[in-house]
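K.L.:
Kindly generate the corresponding structure for this input.
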Amino acid sequence: MTTRQRIISFLQTHPQGIDDDELTKALDLSRRQQVNARCNELEKEGLIIRRRVNGKIHNFWAGKSTVAVPASIPKTSYDSPSSGLWFWEGNVQSQVVNYLSSLNFQIRSVADTVSHQQGIDIIAEKEGKQLWVSAKGFPKGTEKTHPSTEAGHWFKEAIFDIIEYREQNETVLLAVALPDYPRYHSLAEKISWLKPAANFIYFWVRENGEVVPEK
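P.N.:
As a prediction, this is how the structure comes out:
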């Protein structure tokens, strides 16, 4: 595979984004300049988005994740068996990042969902106002746990994040990003009283990549 194809394959399955230095290491390439040049070309073609995060330019795939990482690419902490699924947490996070960027938000930080990085999943800022987002995917379930049951646990984790964030900051904008599943809508309706009390919104991410805000 060419360097271009390897970069595309990697970014398609790692929606949390990566900077040129780390991408060079992940692809086991010798020259960072080669990666930088190819990523700039892909940005001009509209295939990726290059955006500054914590002082460094990160590369984000701008389309759907459809290509698997080829065996020739070394395994890294970014790999995930679920990364190609639209309802995977990393894809939900990526779609919301792209959506916020389209609204002229500056993306301040994006947590690495694959390595379960601690902290706020997305921190964005617009006109001096920050937005903190807790993102969750939808579980595939296990032999002992039905997806619907596990989804309830994940939803509670997201809501607890919101409560904790509001305790930390009374004025910051808050949101929960979830894949557009009936189970999550049902759970949201059960605690509808909390939304105005904690002052947060939902970002519903659909299979086609559309993000629908619910205020």
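
K.L.:
Burial check on residue 162, number of neighbours?
P.N.:
Number of residues near residue 162 (other C-beta atoms under 10 Å) recorded here: 20. Glycine gets a C-beta too; all of them are placed from N, C-alpha and C.

K.L.:
Can you tell me the SS state at it?
P.N.:
helix (DSSP: H, G, I helix; E, B strand; the rest coil).

K.L.:
do you know how far the residue nearest to the spatial centre of the chain is from residue 24?
P.N.:
Centrality entry for the chain: nearest residue to the mean C-alpha point is residue 93, 2.0 Å, by C-alpha atoms, centre = their mean. Going from residue 93 to residue 24 by C-beta to C-beta, to the nearest Å gives 23 Å.

K.L.:
what does residue 180 give?
P.N.:
For residue 180 relative to residue 24 (C-beta to C-beta), the value is 36 Å.

K.L.:
Tell me who's in contact with the residue nearest to the centre of the chain.
P.N.:
15, 16, 110, 111, 113, 121, 122, 133, 135, 177 (C-beta atoms under 8 Å, 6 or more residues apart in numbering).

K.L.:
Also residue 147?
P.N.:
Here residue 147 is in contact with 138, 139, 140, 141, 183 (criterion: C-beta under 8 Å, 6+ apart).

K.L.:
and the two most separated of those residues?
P.N.:
The distance between the two most remote of the contacts of residue 147 (C-beta to C-beta) is 13.1 Å, for 140 and 183.

K.L.:
Pick out whichever of the two has more residues nearby.
P.N.:
residue 183 (18 against 13).

K.L.:
Just the element for that one, please.
P.N.:
Using DSSP states H and E, residue 183 sits within helix 182-190.

K.L.:
And that helix, how far out from the chain middle?
P.N.:
Computed by C-alpha atoms, centre = their mean, to the nearest Å, the chain-centroid distance of helix 182-190 equals 21 Å.

K.L.:
Would you mind putting the CA coordinates of the helix or strand just after that helix into PDB?
P.N.:
Counting by DSSP H and E, the next helix or strand C-terminal to helix 182-190 is helix 194-198. Extracted C-alpha coordinates of helix 194-198, given in PDB (Å, rounded to 0.1, in the frame of the first residue of the first chain):
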ATOM      1  CA  LEU A 194     -32.900  16.700  35.000                       C
ATOM      2  CA  LYS A 195     -32.000  18.400  31.700                       C
ATOM      3  CA  PRO A 196     -33.200  21.900  32.600                       C
ATOM      4  CA  ALA A 197     -32.000  21.400  36.200                       C
ATOM      5  CA  ALA A 198     -28.400  20.600  35.200                       C
END
